[in-house]
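Trainee: below are the sequence and a predicted model; questions follow.
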Amino acid sequence: MLVVGLNSPSFAAPVEDHFYVDGVYMFNAVSSASTTDFDFNEANGLAAFGGYRFNSYISIELGGIVFEPIRSLEANTSVNINTEYDVAGYAVGIRGDAPIGELFTVWAGIGLFDWESTFNYDITYPNFPALSRSGSNSHSGQDYYLRLGLTHPLSDSLHVTLETMQMELSDFFNTDQPNTDFKQNYIGIGIGVNF
């Protein structure tokens, strides 16, 4: 963590600032699946992380994450498949910080993401308008996440962060079919406070 002096260059924050809280706006959230051909569109979300810094380099942190529904449409002359899913959960992990120069700190966090999801689908057949299928499925799991970020101080206690995160969502559909493992990624910008 870095602080800015009034008439002096930035430098690594003192160890006595043990706590930090970050609010993150997530954009460009996309998913890729290992066993489906769905092309999921971008969505947004919100996250909040709080951490306790043992020293200038190592922290533990806890966070909450919620995404807007992410939608997909697969359409051809015989079938239209509309899907929508959302994910929310909690993250707990460790984080390492490393100052780069006088104005930035680069950091990385890894931990466990405890998630819940809801998946909705609607299938229609253009050649048979009377036929359709729809349904919903909920599931939960625990998987690993990885966060990477770059932080810049705004004042002695405020900072702004640009970050990216990837999380796993294993066996997302929770069915008897072969598992479908998702990777969900986002880019986020956040503002936080040190105290």
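Mentor: Everything's here; your move.
Trainee: isn't residue 121 up against residue 85?
Mentor: No - with contact defined as C-beta atoms under 8 Å, residue 121 does not count as touching residue 85 (9.1 Å). All C-beta spots, glycine's among them, are computed from the backbone N, C-alpha and C.
Trainee: now the strands for the protein?
Mentor: 2-3, 11-12, 19-33, 43-53, 58-67, 70-75, 80-100, 104-124, 132-153, 158-169, 182-194 (DSSP state E).
Trainee: I'd like these laid out as CSV, including mean neighbour count.
Mentor: Below are the strands of the chain laid out as CSV (neighbours: other C-beta atoms under 10 Å):
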stretch, mean neighbour count
strand 2-3, 20
strand 11-12, 14
strand 19-33, 18
strand 43-53, 18
strand 58-67, 18
strand 70-75, 16
strand 80-100, 17
strand 104-124, 17
strand 132-153, 15
strand 158-169, 19
strand 182-194, 19
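Trainee: same list, those, but as JSON lines with mean pLDDT please.
Mentor: Shown next, in JSON lines, are the strands of the chain (pLDDT from 0 to 100):
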{"stretch": "strand 2-3", "mean pLDDT": "44"}
{"stretch": "strand 11-12", "mean pLDDT": "46"}
{"stretch": "strand 19-33", "mean pLDDT": "82"}
{"stretch": "strand 43-53", "mean pLDDT": "91"}
{"stretch": "strand 58-67", "mean pLDDT": "94"}
{"stretch": "strand 70-75", "mean pLDDT": "80"}
{"stretch": "strand 80-100", "mean pLDDT": "91"}
{"stretch": "strand 104-124", "mean pLDDT": "92"}
{"stretch": "strand 132-153", "mean pLDDT": "91"}
{"stretch": "strand 158-169", "mean pLDDT": "90"}
{"stretch": "strand 182-194", "mean pLDDT": "87"}
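Trainee: and residue 47, how far from residue 68?
Mentor: Distance, residue 47 to residue 68, by C-beta to C-beta, to the nearest Å: 12 Å.
Trainee: ok, now residue 139?
Mentor: Using C-beta to C-beta, residue 139 is found at 18 Å from residue 68.
Trainee: the nearest residue to residue 97 once chain neighbours are set aside pairs with what?
Mentor: Counting by C-beta to C-beta, 6 or more residues apart in numbering, residue 97 lies nearest to residue 107, which is 4.5 Å off, once chain neighbours are set aside. Judged by DSSP bridges, the bridge partners of residue 107 are residue 97, residue 149.
Trainee: and if you look at residue 140?
Mentor: Residue 140 has the following beta-bridge partners by DSSP bridges: residue 116.
Trainee: residue 126 versus residue 194, what's the distance?
Mentor: Per C-beta to C-beta, residue 194 is found 57 Å from residue 126.
Trainee: try residue 110
Mentor: 46 Å.
Trainee: check residue 67 too.
Mentor: Residue 67 is 31 Å from residue 126, where distance means C-beta to C-beta.
Trainee: same thing with residue 98?
Mentor: Per C-beta to C-beta, residue 98 is found 56 Å from residue 126.
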